[in-house]
Every structure is written in C-alpha cells, then in structure tokens.
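K.L.:
Give the three-dimensional model of this entry:
(one chain, ligands or ions: 2)
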Amino acid sequence: MITLGIESSCDETAIAIINDKHEILSHQLITQYKEHSIYGGVVPEIASRAHLEYMDKLLEASFNEANISPQQIDVFSAGLGPGLIGGLIVGANMAKAMAFSTGKPFIPVNHLEAHSLMPKFFDTNLTFPYLLFLASGGHTQILIVHNVGKYTLLGTTIDDACGECFDKVAKMLGWDYMGGKDIEEHAKLGNPNAYNFPRPLLHSHDLNFSFSGLKTSVRQTIEKIDIQNITEEIRNDICASFESAICDIIYHKLTDAIHIILPKYPEIKHIVTSGGVARNMKIRDILESIAQKNKLSLSVAPPKYCSDNGVMIAYAGEQNYIAGKKSNFSITPRPRWPLEEL
Ligand code: KG4
Ligand code: ZN
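P.N.:
Numbering: from 1, shown residues only. Ligands and ions are numbered 1, 2, ... in the order given. Presented below is the predicted three-dimensional model:
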C-alpha cells in the first residue's frame, strides 16, 4: 500500500510518499524561513501564499523521487488541523483533488496525531499503549496513546507552549524566530546554575504545565543586565539555566505522570516524545533517565522527524486507513482540533 501525505499547517510545506513496509519513497520539504524571518515570526497570509507557490513543484519532485505516478498511490492524506487555516486549506484541497481525480480515498489527518504516531514509523518495537510527551511550538501535553484515534489527555499547558517559550526567550536574546535550536547550542557552553529561574507548577499535584512565569523571569533578568551589556558568556549562562529549568519541569511532570499512570496501566512499556522540542538532546536525556528508572524504554523519532514533516502525515493517514477510517471529502480544515476529539 502506498500513501501520500501533505503537511502545510504552519511554515513547512512538505510532501511524503511512503509504503506500508515503513519505507520512505520520497520526502520533499521546504521551510519558509526566508519568507518569515524578517517579520520575526510566521505571518499566516504569507505562509498560505508560499504553500500555494511551492505545492506544485514539491508534488512533481515527490513523484519523480519516488519514481511512481499519481495512479499508483493507494491513499491520499493531508493534515487538516490544528494549524493556520490558509495553509491547511491549500494542503487539504491538493490532496482531495488528487484523490478525487484518481478515484482513491482521501484520509484527513490530525496534526497532533501525526506527531504522536511518528516514532512508531521508525521503532517497530514500540507498542500501544504508550505515555507521550508531546512538545511543539503550539502544544505541550502529556497523553496516553491507547491506539490510533484513541488518546487520553493527562496534562497540558495553561499558558505558553514549551516550544513557544524557547522561541520567545531566543528572541529576547536576539535570535531569529524558531530559536529553540539556538538556545540548545548556546546552552552547551553555559553554566546551568548561573541563574535560578522559576519552575512553575512544579508541585501543583496535577500534570499541567505553565511556562509564562519562566519566560517573564528570563525577560526581567535580561532587562536588569541590559541587552547591550550581555556578553557571550552571560548569554550562554542564561540559555543553560533556562534549559535546566525546562528540564526540571519536564522531569517532575513526567515522573508524576508515570507514578499516577503505571499502576492503572501496567501494560505501558514505553515513554515516547515528539514535536519540535523533542529534538533537544538535554530533554531527550532527561526522558531517557526517567524511562530507565521506571524500567520503560524511550522512543523518539530521528531529530528531523520530530519537527513538522510530510512522513508523519502520510504515516498517520496510512494507519487511520488501516484502522478503518473512511474516505471523507466533505471534511474541512480545523484551526483547532484537540486530540481527544478524535
Ligand atoms: O513540531 P514543530 O516543528 O512545529 C509545531 O507543530 O509547532 O515544533 C516547533 C518548535 C519551535 O518552538 C522550535 O523552537 C522548537 O520546536 N524546537 C526546539 C528545538 N528545535 C526545535 N526546542 C528546543 N530545542 C531544540 N533543539
Ligand atoms: Zn507540529
């Protein structure tokens, strides 16, 4: 079975063609970095136009790379939300049009489900149910993934998402948008104990997160020093101390989640993390140590597949189709689409 998936929910235009042997036949991805960087963030209208502009070229390149024709695709899928409505419409309409003209099914995909299932594409030992830490630019959630289409939300952020917090701190330090990777790079050279940033909701007795107080504390620290006087060493120390606060928060919340969940679901054998923040090696290390302590295994996709990509949409489309989801041409994109509504 061959599935094509289109991702266009934010600032990545991506198309993947995969088969049901977990092989990637083609993966084409364009990051709209140059379009948005001068504005310091993703501009929705510019993003939709860029998706439209890139889509045809990427499709042609995808079929060339996979060396197949549209008629050989068995299932067409696209991410239908959550995300920016303009981009979602571009991807959804393209996939629907190809499915309609070839007489094949169109399977709508939830973007968060695609992140949640991605590690399973690479790790064939990963079995349901698993505990998921999903951390992207827009979401920070702890969930139980029972099966395709079946999720229990255990905790979520009550304000900023973890990735958003990374991005805002990066901006305060003078880096471009989507600055999580810059913070990670600079944190490697800094002292994690240089600044004692707050760890909000650490002992709140629930599994919710809050990152806005941490962000404000970093801002106040920078304001006190004055951005003009910030040396490279101070910058590195702020990054390392900030990353250390994030790691502490994740360590506590995931440890609490395991203590609450494992007695009820002893069949859970894996912790899984996905979303762009899961690229961060310190965060992976923290999750690895939690997994080992609790005799679980950690499963994470290769870094580039933690971020938005086409393979995750194709795989989620394929898995939903196998699970019996019906082709649906009347469904329209949803800017908000929580996983629990699946
Ligand atoms: O999953 P993703 O690619 O897009 C969304 O669905 O939001 O996640 C993007 C987020 C951004 O906030 C970005 O700064 C963050 O992932 N990110 C990182 C790293 N690489 C990307 N955060 C921390 N450390 C990284 N190395
Ligand atoms: Zn995403």
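K.L.:
Could you point out the longest helix of the protein?
P.N.:
In the chain, taking DSSP state H as the definition, the longest helix is helix 232-261.
K.L.:
Give the buried residues for that one.
P.N.:
Going by neighbour count (16 or more other C-beta atoms under 10 Å), the buried part of helix 232-261 is 234-247, 249-254, 256-258, 261. Where you see a C-beta, it was placed from the backbone N, CA and C, and this is true even at glycine.
K.L.:
What helices and strands are in contact with that helix?
P.N.:
Contact partners of helix 232-261 among helices and strands, from 3 or more C-beta pairs under 8 Å, 6 or more residues apart in numbering; DSSP states H and E: strand 130-135, strand 140-147, strand 150-156, helix 162-172, helix 180-187, helix 212-225, helix 281-293.
K.L.:
Apply 7 Å and report the result again.
P.N.:
Packing contacts for helix 232-261, counted by 3 or more C-beta pairs under 7 Å, 6 or more residues apart in numbering; DSSP states H and E, involve strand 130-135, strand 140-147, strand 150-156, helix 180-187, helix 212-225, helix 281-293.
K.L.:
Just name whatever secondary elements the helix or strand containing residue 64 is in contact with.
P.N.:
Using DSSP states H and E, residue 64 sits in helix 44-66. Helix 44-66 sits against strand 12-19, strand 23-31, helix 33-36, helix 85-102, with contacts defined as 3+ C-beta pairs under 7 Å, 6+ apart.
K.L.:
at 6 Å what do you get?
P.N.:
Where contact means 3 or more C-beta pairs under 6 Å, 6 or more residues apart in numbering; DSSP states H and E, helix 44-66 is packed against strand 12-19, strand 23-31, helix 85-102.
K.L.:
Next, work out how far apart the residue lying farthest from the centre of the chain and residue 305 are.
P.N.:
Distance from the C-alpha centroid of the chain peaks at residue 229, with 34.8 Å (C-alpha atoms, centre = their mean). Distance of residue 229 to residue 305, given as C-beta to C-beta, to the nearest Å: 40 Å.
K.L.:
can you check residue 279 too?
P.N.:
From residue 279 over to residue 305 the distance is 10 Å, taken as C-beta to C-beta.
K.L.:
Repeat that for residue 244.
P.N.:
Distance from residue 244 to residue 305, counting by C-beta to C-beta: 26 Å.
K.L.:
What's the end-to-end length of stretch 274-287?
P.N.:
End-to-end span of stretch 274-287 (C-alpha to C-alpha, to the nearest Å): 12 Å.
K.L.:
quick one: contacts of it?
P.N.:
Residues outside stretch 274-287 that contact it (C-beta atoms under 6 Å, 6 or more residues apart in numbering) are 115, 118, 134-136, 162-163, 184, 243, 247, 250-251, 271, 273, 298, 300, 303, 306-307.
K.L.:
Mind listing what's buried along that stretch?
P.N.:
Buried, per 16+ other C-beta under 10 Å, within stretch 274-287: 274, 275, 276, 277, 278, 279, 280, 282, 283, 284, 286, 287.
K.L.:
show me what contacts the closest residue to the first one other than its chain neighbours?
P.N.:
Spelled out, it's residue 274. Among residues not flanking residue 274 along the chain, residue 115 sits closest, at 4.5 Å (C-beta to C-beta, 6 or more residues apart in numbering). By C-beta under 6 Å, 6+ apart, the contact list for residue 115 reads 134, 274, 275.
K.L.:
For residue 302, grab the count of nearby residues.
P.N.:
Counted with other C-beta atoms under 10 Å, the neighbours of residue 302 add up to 10.
K.L.:
any idea how far the spatially closest residue to it that is not a sequence neighbour is from residue 22?
P.N.:
Distance criterion C-beta to C-beta, 6+ apart; nearest residue to residue 302, sequence neighbours excluded, is residue 122 at 6.6 Å. Distance from residue 122 to residue 22, counting by C-beta to C-beta: 8 Å.
K.L.:
now swap in residue 83 and tell me
P.N.:
Distance from residue 83 to residue 22, counting by C-beta to C-beta: 25 Å.
K.L.:
Look at these two and report which has more neighbours.
P.N.:
Neighbour count, other C-beta under 10 Å: between residue 83 and residue 22, residue 83 has more, with 25 against 14.
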